[in-house]
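1. predicted model follows, preceded by the sequence.
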Amino acid sequence: MLLRIIGGAWRGRKIHFPPVEAIRPTPDRVRETVFNWLQLDVAGSRCLDLFAGSGALGLEALSRGAARVVFVEVDPAVTRHLSQTLRDLQCDRGVVVRSDARQYLAGAVEPFDIVFLDPPYAAHALADTCRAIEERGWLRPGGVAYLEDAASAGPPDLPSGWTLLRSKRAGEVGYHLARRERPTAA
């Protein structure tokens, strides 16, 4: 299978990834819209690509100047391939972690500026994952989360303190951008 980097230093670069049935890369036109939304947030950011799969979102962020991306993926063949892709790109700003998303979020917290959440649609894990991120502080105050789910699921159920900024649909894909609000001074 093949994906294409849309913008940044690796613009137009084609990335092959293993033909794993569970991998469903975010479509090009959706990634283009999302990174237009994020254009002022990506450069120098620290990103978490949870449920990384093909790594399309994290690789796009690295191509556009993210300081660091942590790719979390449970499939061993996919994690090996993501690690090799980063070596092929001569990129030392990406880290691949082989882990279940839930286990990863239960570990030592490292707050991120941007979190990409694209869990398998059938798992219905988006709301629970957002809550775990909020409860443990994985997304820094003012940080943004990209949320992808089946379009039929409608707008995501967000934790208290998160604001839905944008929401679109492309075919069967529903995609959204939310911000974790900064606490107000008392």
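-> Cool, the structure landed.

2. just the helices in the protein please.
-> 28-37, 56-63, 76-88, 101-106, 126-136 (DSSP state H).

3. can I get these in a markdown table including distance to M1, mean pLDDT and mean neighbour count?
-> No exception for glycine: its C-beta is placed from N, CA and C like everyone else's. Formatted as a markdown table, the helices of the chain follow (distance: least, CB to CB, whole Å; pLDDT from 0 to 100; neighbours: other CB atoms under 10 Å):
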| stretch | distance to M1 | mean pLDDT | mean neighbour count |
| --- | --- | --- | --- |
| helix 28-37 | 13 | 91 | 17 |
| helix 56-63 | 11 | 96 | 28 |
| helix 76-88 | 10 | 94 | 17 |
| helix 101-106 | 21 | 96 | 16 |
| helix 126-136 | 24 | 95 | 18 |
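
4. got the ones you listed as TSV, with distance to R169 columns?
-> TSV is the format used below for the helices of the chain (distance: least, CB to CB, whole Å):
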stretch	distance to R169
helix 28-37	10
helix 56-63	18
helix 76-88	27
helix 101-106	24
helix 126-136	15
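
5. between those helices, which one is closest to G142.
-> Closest to G142 of the helices of the chain, according to CB to CB: helix 126-136, at 13.5 Å.

6. list the helices and strands that closest one packs on?
-> Here helix 126-136 is seen to pack against helix 101-106, strand 112-117, strand 139-150 when contacts are counted using 3 or more CB pairs under 8 Å, 6 or more residues apart in numbering; DSSP states H and E.

7. just those: most buried one?
-> Ranked by mean neighbour count, the helices and strands packed on helix 126-136 are led by strand 112-117 with a mean of 24 (mean count of other CB atoms under 10 Å).

8. A178: how many residues sit nearby?
-> Around A178 there are 24 other residues, counting by other CB atoms under 10 Å.

9. now do the same contact list for D49.
-> For D49, the contact set (CB atoms under 8 Å, 6 or more residues apart in numbering) comprises G55, L57, G58, A61, V69, V70, F71, V72, F116.

10. what do you get if the cut-off is 10 Å, keeping everything else the same?
-> 55-62, 66, 69-73, 82, 94, 96-97, 112, 114-118, 146 (CB atoms under 10 Å, 6 or more residues apart in numbering).
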